[in-house]
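> how would this look folded up:
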Amino acid sequence: MTLLSEAVRAGASPKELERAEPPREYTAAYIHSEDTRMFEGVADKDVRKSLRVGRVPMPELAPDEVLVAVMASAVNYNTVWSAIFEPLPTFRFLRQFAAQGGWASRHDLPYHVLGSDGAGVVVRTGPGVRHWKTGDHVVVSCVQADDQEAATQADGMLGAEQRIWGFETNFGGLAHYAVVRASQLIPKPGHLSWEEAACNPLCGGTAYRMLVGDRGARLKQGEIVLIWGAAGGLGAYAVQLVKNGGGIPVGVVSSPAKAEAARRLGCDVVIDRQEIGLDDRTAYDPAAVIETGKQLGRIIRREVGEDPHIVFEHVGRSTFPVSVFAVRRGGTVVTCGSSTGYQHTYDNRYLWMKLKRIIGSHAANLQEQWELNRLVSRGQIVPTLSAVYPLAEVAAATRSVQTNRHIGKVGVLCLAEAPGQGVTDPALRARVGEERLSLLRDLSPTA
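Predicted coordinates for the structure are as follows:
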């Protein structure tokens, strides 16, 4: 009997995929519970020491789930957090999930298959799945929402049992196969390759909710948006969304290569963090915050004539106090993370006396993901892929993100045997243009 992975790679029909035998084990990138204390007292928590690639058992499908043959995935910062076991080991998330009982109990295992992005082919569906079928080409939203919670009906991100797939759940996307809920699936844009499609949902959807969605900053035409890390995974989508929506993106970056990336993506103004004296002091020293904030403000006003209406925050401890200082009176700081630390210290007077707002934002609900995917499918937002690794080298790929040596998104080939596969709409691809679809592929960041 034909193996399922061989059938998928051969582009088999849905009937052929149904007849092919799923494997009892599959290859995946995972961490192990026995390693959770390995970095105690270690200064450089190198993810290459904790990330493993090997065979794991194939889980059974719940009624509302699908099995996706993952052609490509991508590295996100939550892969780094998982692999360094901070701020706490993710096995705690798996135990909490499993405590629900029933199908959730499958997730409490001594290994955790990581990955919160993916593009691939539906190869099996649970009996409760209605809108998807074997053979569908899909990308995967990272959000697993609980449809039995009342808050979920208002916004999928508000439910207390909402979880991030591959971070707070098991069976993630850095693998040959992934188990996902049907409510995570989105049609794959036909003009994109597997790896190009895989890199968009988590960071693109997150940036969309932060800036465009009605629960975020609600970007308006002509507004100035300060974007920290404008050439990173999140920032590269933020730049495009601001530009596409008639705003003025102002990006802060950390190297000449990243400055070039930000310009290619559409930044009107690019600022090297060294120009504003941003360093570790801004996390705790009020004088350093004011000094850096004033220098940043002078540059932005010199270039565009006004202070920013919105600050796109995800860096956290090292930038947050400057963000609160620098945004204009009545402006908005929207935050979705804290890669440099979660404990923020800022002068609250700038917040209340100047009527500023802070909005917390997390991932994106399914409607927001579909809206973002529509823009991607039309070629208005393009992938931010800069590098592609095979699954066997996922630890090196994750290390590049951990050390901030990456630009845009770092892709990982899973069942796809080479980059460039999976395009089903070559006419649209030609209209969008190869150069635009590979804006960042020739750039190499410096340390």
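
> do you know how far residue 332 is from residue 357?
Going from residue 332 to residue 357 by C-beta to C-beta, to the nearest Å gives 5 Å. C-beta: built from backbone N, CA, C; applies to glycine.

> checking my notes, residue 251 in a strand, right?
Yes. The assignment for residue 251 is a strand, going by DSSP: H, G, I helix; E, B strand; the rest coil.

> what segments of the stretch 301-447 of the chain are helices?
Ranges of helices in the stretch 301-447 of the chain, per DSSP state H, counting those that start in this stretch, are 320-326, 349-352, 366-377, 394-402, 426-432, 434-437.

> out of these, flag the one nearest residue 271.
For the helices of the stretch 301-447 of the chain, proximity to residue 271 was assessed by C-beta to C-beta; helix 320-326 is nearest, at 11.2 Å.

> can you give me the strands for the stretch 301-447 of the chain?
310-313, 332-335, 357-360, 385-390, 409-413 (DSSP state E, counting those that start in this stretch).

> I'd like these laid out as JSON lines, including mean pLDDT.
Shown next, in JSON lines, are those (pLDDT from 0 to 100):
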{"stretch": "strand 310-313", "mean pLDDT": "98"}
{"stretch": "strand 332-335", "mean pLDDT": "98"}
{"stretch": "strand 357-360", "mean pLDDT": "97"}
{"stretch": "strand 385-390", "mean pLDDT": "97"}
{"stretch": "strand 409-413", "mean pLDDT": "98"}
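
> which of those strands sits most buried?
strand 310-313 (a mean of 31; mean count of other C-beta atoms under 10 Å).

> show me what it is in contact with.
207, 210-211, 217, 219, 223-228, 234-235, 238, 319-320, 323, 326-327, 331-336 (C-beta atoms under 8 Å, 6 or more residues apart in numbering).

> cool, and stretch 100-108?
59-60, 62, 94-95, 97-98, 161, 169-171.

> hmm, back to that, out of the strands of the stretch 301-447 of the chain, flag the one nearest residue 43.
So among those, strand 409-413 is nearest, using C-beta to C-beta, at 23.7 Å.

> partner strands of the closest one, parallel or antiparallel?
Counting by DSSP bridges, the strands paired with strand 409-413 are strand 65-75 (antiparallel), strand 385-390 (parallel).

> turn these into JSON lines, including distance to residue 306.
Listed next are the strands paired with strand 409-413 as JSON lines, based on distance: least, C-beta to C-beta, whole Å:
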{"stretch": "strand 65-75", "distance to residue 306": "35"}
{"stretch": "strand 385-390", "distance to residue 306": "32"}
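
> so which of those strands is nearest residue 414?
strand 65-75 (4.3 Å).

> tell me where the model's unsure across this protein.
Counting by pLDDT under 70, the chain has low-confidence residues at 1-2, 444-447.

> OK, contacts around the residue nearest to residue 320 when sequence neighbours are not counted?
Spatial nearest neighbour of residue 320, excluding adjacent residues (C-beta to C-beta, 6 or more residues apart in numbering): residue 344 at 4.3 Å. Going by C-beta under 8 Å, 6+ apart, residue 344 touches 316-317, 320-321, 338.

> any figure for the gap between residue 344 and residue 350?
According to C-beta to C-beta, residue 344 and residue 350 sit 13 Å apart.

> quickly list what's touching both of these two.
With C-beta under 8 Å, 6+ apart, residue 344 and residue 350 have no common neighbours.

> so what's the residue count around residue 438?
14 (other C-beta atoms under 10 Å).

> for the nearest residue to it once chain neighbours are set aside, list each beta-bridge partner.
Nearest non-adjacent residue to residue 438, counting by C-beta to C-beta, 6+ apart: residue 385, 7.7 Å away. Under DSSP bridges, the beta-bridge partners of residue 385 are residue 409.

> residue 62 contacts residue 126, doesn't it?
Yes. Shown here, residue 62 and residue 126 form a contact pair, counting by C-beta atoms under 8 Å, at 5.8 Å.

> the closest residue to residue 49 other than its chain neighbours in helix, strand or coil?
Counting by C-beta to C-beta, 6+ apart, residue 49 lies nearest to residue 38, which is 6.7 Å off, once chain neighbours are set aside. Assigned with three-state DSSP, residue 38 falls in the coil class.

> what's the burial count for residue 38?
For residue 38, the count of nearby residues is 14 (other C-beta under 10 Å).

> and the residue nearest to residue 438, what does it touch?
Applying C-beta under 8 Å, 6+ apart to residue 385 gives the contacts 74, 195-196, 199, 408-411, 438, 440-441.

> same check on residue 282?
288-289, 292, 318-319, 321-322.

> looking at those, spot the one nearest residue 51.
residue 318 (25.5 Å).

> so the closest one touches residue 278, yeah?
Yes. Between residue 318 and residue 278 there is a contact at 7.1 Å, judged by C-beta under 8 Å.
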